[in-house]
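Visitor: need the 3D shape of this:
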Amino acid sequence: MILGIGNDLSNIQRIEKSLQKFGERFVERTFSEAEKKEMAFRKNISFREYACSAAKRFAAKEACSKALGTGFRNGVFMRDIEITHQASGQPVLTLYNGALRRLEMLSGGKKVRLHVTMTDDYPWAQAFVIFEVLP
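Guide: Residues are numbered from 1 along each chain as shown. Model (predicted):
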């Protein structure tokens, strides 16, 4: 059974401007240590690749907040939502703190599988998140 679904479309150029204007302040407020480590690899390729990686994660965080039904309020913050990748390249969504508490409240303690998919085609990045209650 689907418990929550969210999607978001992010403008990569807007994220590029935020990275240029606010630099590490933006990165620190938005991304976890694991996300920053993965993004650093893209930064070594080019600034545009780095911005695309950041924009996809940003879109996934927004999509997740929509699936939670809260947006970024009621104790749910950007850094409570983490998007990393398996060795195969498959994205992995992990929730912490307020985001995890909200998911537990929504699910009534039932086990939930988190699905996330992301894509980009400059200047756009898009993400979908689905919360599936397991039987």
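
Visitor: give me the secondary structure label for Thr94.
Guide: Secondary structure assignment for Thr94 (DSSP: H, G, I helix; E, B strand; the rest coil): strand.

Visitor: ok, it - contacts?
Guide: If a contact means Cβ atoms under 8 Å, 6 or more residues apart in numbering, then Thr94 has Ile81, Glu82, Ile83, Thr84, Leu114 as its contacts. In this view, the C-beta of every residue, glycine as well, is placed from N, C-alpha and C.

Visitor: wait, a strand at the third one?
Guide: Spelled out, that is Ile83. Yes: the assignment for Ile83 by three-state DSSP puts it in a strand.

Visitor: make 270 the starting number, not 1.
Guide: Happy to do that; since the first residue is 270 now, the last one works out to Ile352.

Visitor: wait, doesn't it sit right on Arg326?
Guide: Yes: with contact defined as Cβ atoms under 8 Å, Ile352 reaches Arg326; the gap is 4.8 Å.

Visitor: joint contacts of the two?
Guide: Here Ile352 and Arg326 share the contacting residues Glu304, Met387, scored by Cβ under 8 Å, 6+ apart.

Visitor: in which helix or strand does Arg382 reside?
Guide: strand 381-390 (DSSP states H and E).

Visitor: pairing partners for that strand, with directions?
Guide: Within its sheet, strand 381-390 is paired with strand 393-402 (antiparallel), according to DSSP bridges.

Visitor: off-centre distance for the partner strand?
Guide: When distances are taken as Cα atoms, centre = their mean, to the nearest Å, strand 393-402 is centred 9 Å away from the chain's centroid.

Visitor: swap in stretch 393-404?
Guide: Its chain's C-alpha centre and that of stretch 393-404 lie 11 Å apart, by Cα atoms, centre = their mean.
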